[in-house]
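1. Predicted model, plus sequence, below.
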Amino acid sequence: MEGAGRPRDGREGQARETGGPVTDPAVHAATEMFVAHRDLLFTVAYEMLGSAADAEDVLQETWLRWVEVDAARVDDPRAYLVRITTRQSLNRLRAMKRRRESYVGQWLPEPLLTSPDVAEDVELAESVSMALLVVLETLSPTERAVFVLREVFGAPYEEIAEAVGKSVAAVRQIAHRARRHVDARRPRRAASLYEARAASESLRRAVETRDLRGLFDMLAPDVVWVSDGGGLRQASLRPVVGADKVARLIAGILGKVDGVVTARPAMLNGAPALITHVDGELDGVVAMRVENGRITGIYYVRNPEKLTRVDRQTPLTLR
């Protein structure tokens, strides 16, 4: 995200064709540029919103604004597109914050089925992990935008300032505050792929055999269970804390299921996770936070509106 990415006369709102409506060749060129950066723009919007559906809406809004721009007057189209995406994401995030006040129970990010190469890119995998996205939910909209652009995408402070409508000095302060907040809450050391797979396999065996003895040894004493049903599926309305309580909760859930439960391993948000089915019907997604080889967080997404992207891979990138 290098360069100012602004029209050469510095006026974003006036970077339009001056001789009439945008021509077909101009639309074609704009389309090619947008498509070239689409995966990046989606990743920016998703990390800011935690919702693929809302990220897609943001991309549509970004496209509508981009196609009106005279691209010949833009120094850095990539940075310019990221800025539009950031502003649209901020607007939507502020509206979402108000909607989530009336959300039934706990709100969790929308899980994404990702390709193996996402897990191999440690930086990308951590940035889209459920554990980090849950932490980002505790930031204000502006703090989240600044953190994502600076810490994840390495954007210059000057470019972030233009994107969020703040001074460079203010952005530096916001970045410092957001970084300190996130560092105090996210895992101190990212789990290796081996550790994450071992944890996922322990949980899979426990779910399918309904024998929790092996799983209990994998649970950290202060493990936290968070489930999201969105008022459409049954889920715990509050987090459940502690290995004993979480183990009993899982046993209770499994004990009430009248049917065959399967837990299919999958790569979700760049990490090993489980997609659960009951009698062949999709029931939910289980993601985990793993530290020092033990499970410190279990995130169970059951809201059917958030399970639309677990059957097809979503391309993500930081570049």
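-> Thanks, I have the structure now.
2. Centre of the chain to stretch 292-300, how far?
-> 18 Å (C-alpha atoms, centre = their mean, to the nearest Å).
3. Stretch 64-81 too?
-> That offset, for stretch 64-81, works out to 26 Å (C-alpha atoms, centre = their mean).
4. Going along the chain, name the strands of this protein.
-> Counting by DSSP state E, the chain has strands at residues 219-228, 240-241, 261-268, 271-278, 281-291, 294-301.
5. Just send those back as a markdown table, with mean neighbour count and distance to Glu47 too.
-> (C-beta placed from N, C-alpha, C; glycine too.) Listed next are those as a markdown table, based on neighbours: other C-beta atoms under 10 Å; distance: least, C-beta to C-beta, whole Å:
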| stretch | mean neighbour count | distance to Glu47 |
| --- | --- | --- |
| strand 219-228 | 20 | 18 |
| strand 240-241 | 14 | 27 |
| strand 261-268 | 18 | 15 |
| strand 271-278 | 21 | 15 |
| strand 281-291 | 22 | 16 |
| strand 294-301 | 23 | 16 |
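6. Count the neighbours of the closest residue in space to Leu133 that isn't next to it in sequence for me.
-> Once flanking residues are discounted, Leu133 sits nearest to Pro109: 4.2 Å by C-beta to C-beta, 6 or more residues apart in numbering. By the measure other C-beta atoms under 10 Å, the count of residues near Pro109 is 25.
7. Using CSV, list the CA coordinates for stretch 302-319.
-> In CSV, the C-alpha atoms belonging to stretch 302-319 read as follows (Å, rounded to 0.1, in the frame of the first residue of the first chain):
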residue,chain,number,x,y,z
ARG,A,302,-24.2,-22.0,14.6
ASN,A,303,-26.0,-19.0,13.1
PRO,A,304,-27.0,-20.4,9.7
GLU,A,305,-26.6,-16.9,8.1
LYS,A,306,-22.9,-17.2,8.9
LEU,A,307,-22.3,-20.6,7.4
THR,A,308,-22.7,-19.9,3.7
ARG,A,309,-18.9,-19.8,3.1
VAL,A,310,-17.8,-23.1,4.6
ASP,A,311,-18.4,-25.1,1.4
ARG,A,312,-16.2,-23.1,-1.0
GLN,A,313,-12.8,-21.6,-0.5
THR,A,314,-12.5,-17.8,-0.2
PRO,A,315,-9.3,-16.3,-1.6
LEU,A,316,-7.5,-14.0,0.8
THR,A,317,-4.3,-12.0,0.5
LEU,A,318,-2.3,-9.2,2.1
ARG,A,319,-0.7,-8.1,-1.2
